[in-house]
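**Student:** The following block contains a protein sequence and its predicted model.
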Amino acid sequence: MDNIKSYIEENKERFLEELFELIRIPSISSIAAHKPDMYRAAEQWKKILLEAGADKAEVFETEGNPVTYGEKIIDPAKPTVLVYSHMDVMPVDPRELWNTDPFEPVVKDGKIWARGADDDKGQGFMHAKAFELMVKTDTLPCNVKFMIEGEEEIGSPNLGAWCEANKEMLKADVILVSDTGMIAPDIPSITTGLRGLAYWEVEVTGPNRDLHSGLFGGAVANPINVLCGLIDKMIDEKGKITIPGFYDDVLEASAEERAKLAKAPFSEEAYKEAIDVEELAGEAGYSTNERTGIRPSFDVCGIWGGYIGEGAKTVLPSKAHAKISTRLVPHQQHEKIAVMFKEYFESIAPKGVKVEVTPHHGGHSYVCPIDLPAYKAAEKAYTDVYGKEPVPVRSGGSIPIISTFERILGIKSVLMGFGLESDAIHSPNENFPLEQFFNGIDTIPRFYQYFAEMGK
């Protein structure tokens with residue numbers, strides 16, 4: 001492993017130039033106009049993998065966006081690692097809040113600033129360069145396969161079917177993912193759990209057209225008022241979700257697990273300061289880390305209706321809309337929760353409006369055992385680079401496809417993330433510290449070495 005740091009140092013400028021080529025492709029999966037960019041990104045990933053040393057790489061079609069697959073098999077008898085990443089990124093709106101062009105990466109203050117700098121082009125690219133390093137220095141100790149998809153940010157609706165159709169090709173001993181984060185630059189951590197997700201769009205319809213708010217206000221139900229009232233009823237005064245039966249399947253964390261979670265370094269004051277709020281909120285009886293790691297949550301992700309242009313327009317709108325999500329914990333089934341929410345939300349609406357709930361994507365939660373050989377290999381790799389053993393943490397986020405991998409492919413995933421909370425993923429001014437980027441390239445080859453030594 002002595003040659004890792006020297007290889008990185010000799011090639012770091014080239015690494016950044018190649019990453020920037022990938023970032024410049026505006027591969028936004030949720031916007032139909034960017035469909036051609038998804039194919040550009042897929043072809044770019046094919047080029048990246050082949051130049052890094054893959055024996056073969058290919059762009060596969062799905063019912064939606066493409067998947068790029070590549071592999072290098074050095075010995076079928078050796079362990080195989082399947083690397084998963086995604087080439088799609090979130091939309092950039094509101095663009096006016098960006099300090100730089102989101103698709104023209106710049107390095108400033110020791111960070112890469114661009115959409116996808118962290119999530120997940122920067123983190124995925126670390127794996128390509130770590131793989132290249134091992135191939136070029138003849139130190140690759142096991143077989144490697146890559147699966148780079150184009151629909152993670154919209155819930156991976158077609159990747160499950162693609163995996164089902166390509167089970168033989170995707171056979172591996174572990175899936176390695178860098179699409180999560182660390183507690184802090186000097187506190188490495190490995191994500192051992194992800195919350196599940198259920199997502200809906202709600203439409204509330206009142207009168208058959210927009211009405212004059214003076215002539216009709218007070219006599220006709222206002223869809224925006226009604227929508228706000230319905231949303232307000234979804235959480236009680238103790239922060240609990242009111243959908244009947246919502247908590248029936250929740251796997252309650254043991255006192256022992258809660259005690260381990262409490263050991264993770266956390267400053268509530270620093271947390272509040274970082275997001276500029278005076279007070280935190282959530283389910284009573286749980287800490288902030290517990291609320292985002294082992295408990296479900298309910299959030300309105302967007303809400304609109306009526307007149308929102310410049311100046312005033314006294315209108316009682318015909319319709320109001322909202323996008324709503326819940327984060328779920330182990331044993332909660334997103335399909336079941338999707339039906340429960342729809343039935344409850346529509347049932348409590350007043351007769352003066354019509355309510356339509358349309359389910360969107362969802363995903364199950366995931367837990368990785370910390371006694372897994374691959375987890376132990378990751379633990380040793382982080383310790384080598386950061387000088388301290390990583391802390392196991394439960395993430396509040398969701399990567400729906402991870403539980404799908406386990407169900408379809410029968411393979412556990414290890415989540416070796418290098419992002420930081422300050423990276424502002426999904427927000428304007430997304431960034432990724434250069435130190436974390438290069439540390440990732442330093443850590444990943446060490447994982448391979450330890451994993452190969454431990455065996456399957």
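**Tutor:** Great, that's in hand. Residues are numbered from 1 along each chain as shown.
**Student:** Helix or strand for residue 192, just tell me which one.
**Tutor:** Secondary structure assignment for residue 192, by DSSP states H and E: strand 189-194.
**Student:** same check, this time on residue 14
**Tutor:** Secondary structure assigned from DSSP H and E places residue 14 in helix 3-23.
**Student:** Show the subsequent helix or strand relative to that helix.
**Tutor:** With DSSP H and E, the next secondary element past helix 3-23 is helix 35-52.
**Student:** pLDDT of that next one, averaged?
**Tutor:** Confidence over helix 35-52 (mean pLDDT, whole number) is 98.
**Student:** What residues of that helix count as buried?
**Tutor:** For helix 35-52, a neighbour-count test (16 or more other C-beta atoms under 10 Å) marks 37, 38, 39, 40, 41, 42, 44, 45, 46, 48, 49, 52 as buried. For the C-beta atoms, the positions are set from N, CA and C on the backbone; glycine is no exception.
**Student:** Please name every helix or strand in contact with that helix.
**Tutor:** For helix 35-52, the packing partners by 3 or more C-beta pairs under 8 Å, 6 or more residues apart in numbering; DSSP states H and E come out as helix 3-23, strand 56-60, strand 67-72, helix 121-136, strand 143-149.
**Student:** could you dump the ones you listed to a markdown table with distance to residue 409 and mean neighbour count?
**Tutor:** Output for the helices and strands packed on helix 35-52, formatted as a markdown table (distance: least, C-beta to C-beta, whole Å; neighbours: other C-beta atoms under 10 Å):
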| stretch | distance to residue 409 | mean neighbour count |
| --- | --- | --- |
| helix 3-23 | 26 | 16 |
| strand 56-60 | 16 | 16 |
| strand 67-72 | 13 | 23 |
| helix 121-136 | 18 | 25 |
| strand 143-149 | 10 | 26 |
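**Student:** got CSV for the ones you listed, with distance to residue 266 and mean pLDDT too?
**Tutor:** Listed next are the helices and strands packed on helix 35-52 as CSV, based on distance: least, C-beta to C-beta, whole Å; pLDDT from 0 to 100:
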stretch, distance to residue 266, mean pLDDT
helix 3-23, 31, 97
strand 56-60, 42, 98
strand 67-72, 37, 98
helix 121-136, 23, 98
strand 143-149, 32, 98
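**Student:** ok, then the element right after the worst-scoring helix or strand of the chain on mean pLDDT?
**Tutor:** Among the helical and strand segments of the chain, the one scoring lowest on mean pLDDT, DSSP states H and E is helix 255-262, with a mean of 82. Counting by DSSP H and E, the next helix or strand C-terminal to helix 255-262 is helix 268-275.
**Student:** send the alpha carbons of that following helix over as CSV?
**Tutor:** Only the C-alpha atoms of helix 268-275 are listed here, as CSV (Å, rounded to 0.1, in the frame of the first residue of the first chain):
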residue,chain,number,x,y,z
GLU,A,268,-26.7,20.4,19.2
GLU,A,269,-25.5,24.0,19.3
ALA,A,270,-23.2,23.5,16.3
TYR,A,271,-26.0,21.7,14.5
LYS,A,272,-28.4,24.6,15.0
GLU,A,273,-25.8,27.1,14.1
ALA,A,274,-24.9,25.3,10.9
ILE,A,275,-28.5,25.5,9.6
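**Student:** so residue 172 touches residue 413, yeah?
**Tutor:** No. If you go by C-beta atoms under 8 Å, residue 172 and residue 413 don't touch, sitting 10.3 Å apart.
**Student:** Go ahead and flag the most central residue of this structure.
**Tutor:** residue 399 (4.9 Å; C-alpha atoms, centre = their mean).
**Student:** so who does it touch?
**Tutor:** Remark: with contacts taken as C-beta atoms under 8 Å, 6 or more residues apart in numbering, residue 399 is in contact with 152, 177, 179, 180, 194, 363, 366, 415.
**Student:** Does residue 112 lie in a helix or a strand, and which?
**Tutor:** Using DSSP H and E, residue 112 falls in strand 111-113.
**Student:** ok, that strand: who's next to it in the sheet?
**Tutor:** If you go by DSSP bridges, strand 111-113 pairs up with strand 106-108 (antiparallel), strand 431-433 (antiparallel).
**Student:** Residue 155 touches residue 400, doesn't it?
**Tutor:** Yes. Checked against C-beta under 8 Å, the pair residue 155 and residue 400 is within contact range at 5.5 Å.
**Student:** Between those two, which contacts overlap?
**Tutor:** 197, 361, 362, 363.
**Student:** Closest to residue 27 out of those residues?
**Tutor:** residue 361 (18.0 Å; C-beta to C-beta).
**Student:** what's the nearest residue to that closest one if we skip its chain neighbours?
**Tutor:** Leaving aside its chain neighbours, residue 361 sits nearest to residue 155 (2.7 Å; criterion: C-beta to C-beta, 6 or more residues apart in numbering).
**Student:** What residues does the one you found make contact with?
**Tutor:** With the criterion set at C-beta under 8 Å, 6+ apart, residue 155 makes contact with 197, 199, 360, 361, 362, 363, 400.
**Student:** roughly how far apart are residue 287 and residue 350?
**Tutor:** Counting by C-beta to C-beta, to the nearest Å, the gap from residue 287 to residue 350 is 38 Å.
**Student:** of those two, who's got more company?
**Tutor:** residue 287 (17 against 11; other C-beta atoms under 10 Å).
**Student:** Does that one touch residue 262 like I think?
**Tutor:** Yes. Using C-beta under 8 Å, residue 287 is in contact with residue 262, at 6.8 Å.
**Student:** which stretch of helix or strand covers residue 248?
**Tutor:** Using DSSP H and E, no helix or strand contains residue 248.
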